[in-house]
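# Pasting the sequence and the predicted coordinates here, then a few questions.
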Amino acid sequence: MNRIHILTIALLALTTSAFAQKSPARKAGVAKLKTAVATSSAADGKVVYAQNCLTCHQADGGGVSNMNPPLIKTDYVLGDKNRLIKIVLNGFNDRVEIEGETYNNVMPALNHLTDKQIADVLTYVRSNFGNKANAVTAAEVKKVRGK
Amino acid sequence: MKLKVAFSSFIPLFAAAGLLWYNANKPLITNTVNPDADNAGLKLPAGFGALRAAENTGRARHIAVTAGGDIYVKLNRPKEGKGIVYLQDANDDGKMDDTKMFGNYGGTGMYLKNGYLYASSDTEVFRYKLNENGQVINPDAPEKIVTGLIERRQHESKSIVVDNNDNLYVNVGAYSNSCQEKDRTPGSMGRKGCPVLDSAGGIWQFKASKPNQTYKDGVRYATGLRNVVGLDWNQQDNQLFVMQHGRDQLHDLFPALYTVQQSAIYPAECMYALKKGDNAGWPYIYYNQDEHKKIVAPEYGGDGKKEGSKEYIDPAAAYPGHMAPNGLLFYTGSMFPEKYKNGAFIAFHGSWNRAPEPQAGFFVVFQPFKDGKPFGKYEVFADGFAGSPEKTASGRADHKPCGLAQGPDGSLYVSDDVKGTIYRIVYNK
């Protein structure tokens, strides 16, 4: 037996036992995997952000006072994912007050972006600028877009 | 006794000598105030100094200074329910120590003319009669001069100025970036015969003393101006000068035609000398300050090179893009050296849509004038509002210059709408 075979068998044994027992080790593995996926999504999202969002919301996510809202620790970003996805799909042109500040600029609809691009950029926004919220998936975007 | 008489007869002499000695040794500045030790954090040309006349006034937009040296400040948003701050200096040290507030609306416009204080909200213009000391007589009952101006959130400031013929000029900014079918949407083309221009995107002229005027009482004095915040009446030319905020996002909206770098510096922020009926060309054209050309906007069939119609006026002067000229003041004082007389100070609030390129502005510029026209290149006059080069580049400025005013002694006042500092710049011969 060569080394690869041994490794494969070991891995199989581990996963089988993990499936059977739902061990903490497996949970940790899944969490790690999710984190890895989110990290890669966020990395792709950074590119989408630079091309579509950065001019107004700025590189640091801080926005522009009186004009473009900040994306830092606001309920719009950290709260209801569906509302956040809708803003990207439909744009935003309402009077908005965030923590006592008002913002006047128009946000265009970005519905030309793919489900994955929107998921990536929102995952990036929700896990950067001091934000710590979970990822947005392409399936979640697809569901909102389909409504 | 004899000695006493002799001595007492010398007293006036001692006094005179003492006075001479005092005069010889007291600071050379006799009729100006002392700058702050750090010049209020500003970088200025040699011989100039600055002090913080007031701090934390609120979101200080335009300002006006009375003949007695009191300051009126218009706040963008009311503070404790009040939108105008009245500052007085009890001991003439330049530091304003008495604050009163009135007016229950936010806004930008603040102008003194013919014994009245003019103030604007984002939809109306008011005026308050002043007493002989330049104090508002009845702060709770202004006359409403203009009402019903359009405010659709974008470019909402209504800047104001009054000429010498009882005419009031009001900026009504366009509620759009470039009159696209879908505002700020990549690739969206321009609306035919841009309908924004019927009620916005220009300067409207009203009577300065007639109450309750609406659009139908006014004249669209000049059109094709996207958004003007800084404006002033040039007394030498007897003419209105305005500073336009140029359109945003050439690259974001038309990435095939413009690079990120081009988008950061173009189009120009333009100074226009206006005559009645002028059209500055927004949204159909923009001005390229390096080629000195009017270029057709991409929303209206432009390719970044095609030149625009000659029917649109040329700017009197042009400055790099997006720096947001929010204040314009023609200097008529005699405190500053001769070269400043009748030249223009421009407060550049600072850019935001240069990102991801470094931001720029956050300074006050001097534009030399000769015979009532811009003459030669502008120079940065007062810098350092942002706090550091890093804060300038990121746009996270500590202070952003906005309004300008001239004091009775020729001091230049600059407002800051981030922290509400009121700067006073003086020249010490």
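Happy to help now that I have it.
# CA only for contacts and neighbour counts going forward, please
Fine.
# neighbours of the nearest residue in space to residue B:395 that is not next to it in sequence, just the number please.
Once flanking residues are discounted, residue B:395 sits nearest to residue B:359: 5.6 Å by C-alpha to C-alpha, 6 or more residues apart in numbering or on different chains. Using other C-alpha atoms under 10 Å in any protein chain shown, residue B:359 has 24 other residues around it.
# got the contact list for residue B:359?
Going by C-alpha atoms under 8 Å, 6 or more residues apart in numbering or on different chains, residue B:359 touches B:350-353, B:392-395.
# I'd like to know which of these are buried.
Buried by 16 or more other C-alpha atoms under 10 Å in any protein chain shown: B:350-353, B:392-395, out of these.
# Between which two of these is the distance greatest?
With C-alpha to C-alpha as the measure, no two of those lie farther apart than B:353 and B:392, at 13.0 Å.
# Where does the most centrally placed residue in chain A sit: helix, strand or coil?
What sits nearest the mean C-alpha location of chain A, by C-alpha atoms, centre = their mean, is residue A:123, with 1.1 Å. Three-state assignment for residue A:123 (DSSP: H, G, I helix; E, B strand; the rest coil): helix.
# do you know how far it is from residue A:50?
Applying C-alpha to C-alpha, to the nearest Å, the value for residue A:123 to residue A:50 is 14 Å.
# Could you do residue A:131 as well?
18 Å.
# ok, now residue B:110?
Noted for residue B:110: a distance of 39 Å to residue A:50, by C-alpha to C-alpha.
# now swap in residue B:138 and tell me
In terms of C-alpha to C-alpha, residue B:138 sits 52 Å off from residue A:50.
# So for the two, which residue has more residues nearby?
Neighbours were tallied for residue B:138 and for residue A:50 using other C-alpha under 10 Å; the higher tally belongs to residue A:50 (16 against 12).
# Determine the number of other residues adjacent to residue 79.
Since no chain was named, I'll use chain A. Residue A:79: 13 surrounding residues under other C-alpha under 10 Å.
# other chain: chain B
By the criterion of other C-alpha under 10 Å, residue B:79 has 18 neighbours.
# from memory it sits against residue B:60, does it?
No - if you go by C-alpha atoms under 8 Å, residue B:79 and residue B:60 don't touch, sitting 10.5 Å apart.
# if I look at these two, which residues touch both of them?
Common neighbours of residue B:79 and residue B:60 (criterion: C-alpha under 8 Å, 6+ apart): none identified.
# mind checking the end-to-end distance for stretch B:295-312?
Length of stretch B:295-312, first residue to last, C-alpha to C-alpha: 11 Å.
# Now find how far off-centre that stretch is within its chain.
Taking C-alpha atoms, centre = their mean, to the nearest Å, one finds stretch B:295-312 lying 29 Å from the centre of the chain it belongs to.
# And it, what's buried?
Under the neighbour-count criterion of 16+ other C-alpha under 10 Å, stretch B:295-312 has B:295-300, B:302-304, B:307-308, B:312 buried.
# same check, this time on stretch B:264-283
B:264-274, B:278-283.
# So which of the residues you listed sit within helices?
When DSSP state H is applied, those are split such that B:264-265 fall in helices.
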